[in-house]
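**Student:** How does the following fold in three dimensions:
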Amino acid sequence: MKIGMVSEFYYPQPGGISEHIRALSVELRLLGHEVVVLTSNIRGDIPERHPRVIRLGRSLPLRYNGSLSRISLGWQLGLRLEEVLHREHFDLLHIHNPLMPTLPLLTISKARCPLVGTFHSYYRRDLLTQLFRPQLNRLLGRLSARVPVSRSAQRAAMSLFPGEYRVIPNGVDFSFFAKIAGQSGNGSRRKNGRPLRILFVGAFVRRKGLPHMLDAFRQIRERRNDVELLVVGDGPDRARVRRNLPATIRNAVQFVGFVPRRQLAEYYATAHVFCAPSLGSESFGMVLLEAMAAGLPVVAFDIDGYRDVVKHGHDGLLVEQEDSRALAAGIEHFLDHPEERVRYGLRGQQKAKRFSWREVALQLEELYREVLGWPQQDRATADHTGTGVAPATEEVCAQVGERGVPASARTREESMPASLEA
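**Tutor:** Down below sits the predicted model:
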């Protein structure tokens, strides 16, 4: 079948949605489908192994939902989109973040083929959404299937737009990150007396929580000097973050900006602990899966979307939200216990292996055929992981209820392993 992926976000704009579309498109092409990405014009280089891209209008940055978003503008943008849709003859259009202006909403209004929408974001009840809720609800009614990437994304979308949803999670290029990380394990990554390395990956926007990471690192450096922090990412808050960096840690923090995928994997491979201090509005946490695939133990704030990925006390630590002291304690637990880094890292790798992009693509292919009314194909031989298609989705759906009371509602002693209580 011929599939059109529609999104405001795609490379060279880095981020989870861009990587989701690229990786999913690669797998769908390997399954025999033609995939074309419809997105806006953004200057820059795009990675290798990507589908054909058609660019419409001009992309402008916009702050929204505690992050930096983008919208497409352009003279006769709607007419140009109609021409593309007429020329390409898509069997199906897959809209990413269907509530986002302008390309996703415009495509929903103009498409003449079946539509599938993936909800990547954690939508909140804000004034803008409430104001246009009736119109958005009518447009979403044109979707043949609504696909949130997690139960938290589903709950957020359903609270605003009730209806039937089917969770299909994000994936991870497990073999890519695991291969580069190697089989040595985190416990043996410290060589030649080099400092222990904490890794942060994310945009410099408020909801990613970088100031909390820097404050936790300051506390750690007050107690030890054998540790460094590597910050991967960039964003509109860059100047403020660097300006407010305490002098006591300035020489121990390295900012490297956005990096190519290969280099990012190498940073995962040389780190000892991964930290994700996001404050909320996260629907899933793809960077958590990447770190886990690389064998890294993860420490994160206990927020809704991250509970869909990390099982506290088993393959990561979830600490009280916006508590930099708890964040520092979680990180130091792994710095002080190499055997725990290995144990958590191996468990994380086993979980990440269940979220391969091949499994995600197979689930979506099944959904596409269902929407189109086409007969299902037997893809059992294509599932080379041996874990089946369903387990990742089942695990995402089950974990929310499995954890019960969140760590933020427990004491620090109840939230941490016994070896950390002292």
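**Student:** Show me what the host helix or strand of Ala291 is packed against.
**Tutor:** Using DSSP states H and E, Ala291 maps to helix 286-293. Here helix 286-293 touches helix 16-30, helix 174-181, strand 196-201, helix 261-270, strand 273-276, strand 298-301, helix 338-353, going by 3 or more Cβ pairs under 8 Å, 6 or more residues apart in numbering; DSSP states H and E. C-beta: built from backbone N, CA, C; applies to glycine.
**Student:** got TSV for those, with distance to Gly235 and mean pLDDT too?
**Tutor:** Listed next are these as TSV, based on distance: least, Cβ to Cβ, whole Å; pLDDT from 0 to 100:
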stretch	distance to Gly235	mean pLDDT
helix 16-30	14	95
helix 174-181	23	92
strand 196-201	12	98
helix 261-270	16	94
strand 273-276	15	98
strand 298-301	18	98
helix 338-353	26	96
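**Student:** In TSV: the ones you listed, plus distance to Arg221.
**Tutor:** Below are these laid out as TSV (distance: least, Cβ to Cβ, whole Å):
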stretch	distance to Arg221
helix 16-30	30
helix 174-181	26
strand 196-201	11
helix 261-270	19
strand 273-276	14
strand 298-301	16
helix 338-353	19
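**Student:** right, and the ones you listed - which one's nearest Arg166?
**Tutor:** helix 16-30 (15.6 Å; Cβ to Cβ).
**Student:** buried ones in the helix or strand just after that closest one?
**Tutor:** The helix or strand immediately downstream of helix 16-30 is strand 34-41, counting by DSSP H and E. Across strand 34-41, burial judged by 16 or more other Cβ atoms under 10 Å covers 34-40.
**Student:** mean confidence score for strand 34-41?
**Tutor:** Strand 34-41 shows an average pLDDT of 96 in the prediction.
**Student:** can you check stretch 227-236 too?
**Tutor:** The model assigns stretch 227-236 a mean pLDDT of 94.
**Student:** From the opening residue of that stretch to its closing one, how far?
**Tutor:** In terms of Cα to Cα, to the nearest Å, the two terminal residues of stretch 227-236 are separated by 27 Å.
**Student:** Same check on stretch 270-277?
**Tutor:** Using Cα to Cα, the end-to-end distance of stretch 270-277 comes to 20 Å.
**Student:** contact partners of it?
**Tutor:** For stretch 270-277, contacts defined as Cβ atoms under 8 Å, 6 or more residues apart in numbering pick out 186, 189-190, 196-202, 208-210, 212-213, 216, 230, 268, 285, 287-288, 291, 294, 296-301, 306, 327, 331, 334-335, 341.
**Student:** Just the buried ones from those residues?
**Tutor:** Taking 16+ other Cβ under 10 Å as the criterion, what is buried in the contacts of stretch 270-277 is 186, 189, 196-202, 208-210, 212-213, 216, 230, 268, 285, 287-288, 291, 294, 296-301, 306, 327, 331, 334-335, 341.
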